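from the sequence below, what's the structure:
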Amino acid sequence: MVNGWVSLSIAIVFGVFGTIFLKLSDGLKKWRPVFFLIISYGICFSAMTLALRSLDLSVAYAVWSGLGTLFVAIISFFLFKEPFSLHKIIFLLLIVLGVIGIHLSDVIDLF
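Model (predicted):
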């Protein structure tokens, strides 16, 4: 079970890297970011495959996509100077709340 969470963490980190390199590639026109994008997503999906050996798909995907979205939004604000509004913060927090809820529903039976 612990290895699943470690693998999922690696998948999240490299998924975020891949997404950042996707932006830096300028529509796949710059070869260096494209190279790192391919490597990053390769590691991401390999780690996700390993994580799914011990984690439920619904939980793993919710955590991967939710935390990945949160980290990309935060990095985009600082790295690409993307605007950040109160609405974005609220909706990102709702995503995190949903991820926590899905994880808790797997750990304890809420209803």
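
which residues of the protein score low on pLDDT?
1-2, 106-107, 109-111 (pLDDT under 70).

ok, and the closest non-adjacent residue to the residue nearest the centre of it?
Nearest to the mean C-alpha position of the chain, counting by C-alpha atoms, centre = their mean, stands residue 68 at 2.1 Å. Nearest-residue entry for residue 68: residue 15, 4.9 Å, with adjacent residues in sequence omitted and distances by C-beta to C-beta, 6 or more residues apart in numbering. Quick note: C-beta positions are derived from backbone N, CA and C, even for glycine.

next structured bit after the helix or strand hosting that neighbour?
Counting by DSSP states H and E, the element that carries residue 15 is helix 2-24. Next in sequence after helix 2-24, counting helices and strands by DSSP H and E, comes helix 31-51.

quick check: the gap between residue 75 and residue 108.
Separation of residue 75 from residue 108 (C-beta to C-beta, to the nearest Å): 32 Å.

oh, I was asking about residue 17
Residue 17 sits 33 Å away from residue 108, going by C-beta to C-beta.

higher neighbour count, the two?
residue 17 (20 against 7; other C-beta atoms under 10 Å).

just checking, that one touches residue 40?
Yes: if you go by C-beta atoms under 8 Å, residue 17 and residue 40 touch, sitting 4.1 Å apart.

pull up the overlap in contacts between these two.
Here residue 17 and residue 40 share no contacting residue, scored by C-beta atoms under 8 Å, 6 or more residues apart in numbering.

kindly export the helix or strand hosting residue 94 (C-alpha atoms) in CSV.
According to DSSP H and E, residue 94 maps onto helix 86-107. The C-alpha trace of helix 86-107 is given here as CSV (Å, rounded to 0.1, in the frame of the first residue of the first chain):
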residue,chain,number,x,y,z
LEU,A,86,-10.7,34.6,-5.6
HIS,A,87,-12.9,32.5,-7.9
LYS,A,88,-9.9,30.3,-8.9
ILE,A,89,-8.8,29.9,-5.3
ILE,A,90,-12.3,28.8,-4.2
PHE,A,91,-12.7,26.3,-7.1
LEU,A,92,-9.2,24.9,-6.5
LEU,A,93,-10.1,24.4,-2.9
LEU,A,94,-13.3,22.6,-4.0
ILE,A,95,-11.2,20.3,-6.1
VAL,A,96,-9.0,19.5,-3.1
LEU,A,97,-12.0,19.0,-0.9
GLY,A,98,-13.4,16.6,-3.5
VAL,A,99,-10.2,14.6,-3.6
ILE,A,100,-10.1,14.4,0.2
GLY,A,101,-13.7,13.3,0.2
ILE,A,102,-13.1,10.5,-2.4
HIS,A,103,-10.1,9.3,-0.4
LEU,A,104,-12.0,9.4,2.9
SER,A,105,-14.9,7.4,1.3
ASP,A,106,-12.4,4.7,0.5
VAL,A,107,-10.9,4.7,4.0
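
cool, thanks, signing off.
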